[in-house]
Each structure stands twice: as C-alpha cells, then as structure tokens.
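**Student:** Predicted model and sequence follow; I will ask about them next.
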Amino acid sequence: MLKKLAALAMLTAAFAVAPSTPAQADGYTPKIPTVTTIKVIANEAGKPVVLEVSASANHPTPPAGNIAITLATGGTAARGARALVAAPVFSTTVHFVDRPVRVEGPRLPKGRYVATAALTPDDAALFLPSSGSTQTFRVAADDDNGSGGGGGDQGAGLPNTGGPDLGWLLLGGGLLVAGAGGVSYGRRRIAAAA
C-alpha cells in the first residue's frame, strides 16, 4: 500500500512541476475539394454540340472560377486514352458563378467524342482545383438510333437499364435459390431417414 501512495505522490508532483498547456489549433485551414460536372445537351450530326458545365463543393458558397472545356475525338476503350492526349477538336474557357453554363461547340461529324471540364477556382485559398470531369458521347447520323438523338428528339438515347451490375444481381439470386434448394433437399433426406 505504501508503494502505491508513493507512486501517486510522485505522479502528483510531476503534474505540478510540469505545467500543462491547453491544446491550441495549429492554424491549418484545409482546402475544400471541388467537383466539375459536364452534360451533353445536344449532339446531333451537322448541328453544333451543346454542353452544360457546372462546379460544386461541400461548402455553403459554391466555388466560382474558370472552367476549361476540351472536346476531343474518342473511340473504343483502348483508343479512348490516346484521344485525351491527342489535339482537341474544340477548346474554350468559361467563367462559372453559381449557375450552370451552356457552351455551344462546333458542328461535329458522326463519331465518338470525349468532353472534359476542369475548374480553376477564383478563391484558391479556400477551394482546390477539380481534377477534371469526363463525358464520352457519340454523334450519330440522323437515321441512326444511337445516343446522338437522331430524328429531332434530343433525348432519344436508351436509358441505362442494367449493365454489368445486373449480371451480378442475377448470379447472386441464382446462388440463393440453389442454396435454398440444397437446404430443402437435405431436410427432406433427414426426415425420410428418421
């Protein structure tokens, strides 16, 4: 017991000798990341392509700044990476403040294109520049039924109704049904043996 009291007295003396300072902020103000969004509004062959760009951040005040827009030719997934390095078909910079900005580009022939947008904020002390948003789209001829919106309808492309995730869902459902069947078969076999 005496050892415990001596240890406690030594601990109390150590706190009394070494003054404790309260915790203080280090003065670091983190910069807020930004996200740039690009939408393709119109992309019919022979007509100007129309893009809509905007930026957002997790902050009450949206970031304002210049959004650099680049439009380049694209292709399949293997060639798409090289298209971003290739010379752009169209390039411009617009100033963004709180509302999406529509940009009218050139008339494009039939083919695949990649549109990119990146924000450089006016308040660089508060916001980080965005790393760039990419949108791949296809300009189709008027008689094609693709995402080009032929026939005067701007939204004639098919909606995304599944894709690879649907395959995983069906596989999981099939495994669930197979497991239930195995359990049912095993219980019937045990009941018949008894």
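**Tutor:** Received the coordinates, thanks.
**Student:** what about the protein, any weak spots by pLDDT?
**Tutor:** 17-28, 75-86, 141-164, 194 (pLDDT under 70).
**Student:** Sketch out the helices for it, chain order is fine.
**Tutor:** For the chain, the helices defined by DSSP state H occupy 2-17, 77-85, 164-193.
**Student:** out of the ones you listed, deepest packed?
**Tutor:** helix 77-85 (a mean of 12; mean count of other C-beta atoms under 10 Å). Quick note: C-beta positions are derived from backbone N, CA and C, even for glycine.
**Student:** For residue 37, which non-adjacent residue is closest in space?
**Tutor:** residue 54 (5.1 Å; C-beta to C-beta, 6 or more residues apart in numbering).
**Student:** From residue 117, how far out is the one you found?
**Tutor:** Between residue 54 and residue 117 the distance is 9 Å, computed by C-beta to C-beta, to the nearest Å.
**Student:** The two: who's more crowded?
**Tutor:** Using other C-beta atoms under 10 Å as the criterion, residue 54 and residue 117 rank with residue 117 on top: 27 against 19.
**Student:** which residues touch the nearest residue to the more buried one once chain neighbours are set aside?
**Tutor:** Distance criterion C-beta to C-beta, 6+ apart; nearest residue to residue 117, sequence neighbours excluded, is residue 38 at 4.2 Å. Residue 38 makes contacts with 51-53, 69, 115-117, 133-135, as judged by C-beta atoms under 8 Å, 6 or more residues apart in numbering.
**Student:** joint contacts of residue 54 and residue 117?
**Tutor:** Counting by C-beta under 8 Å, 6+ apart, the common neighbours of residue 54 and residue 117 are 36-37.
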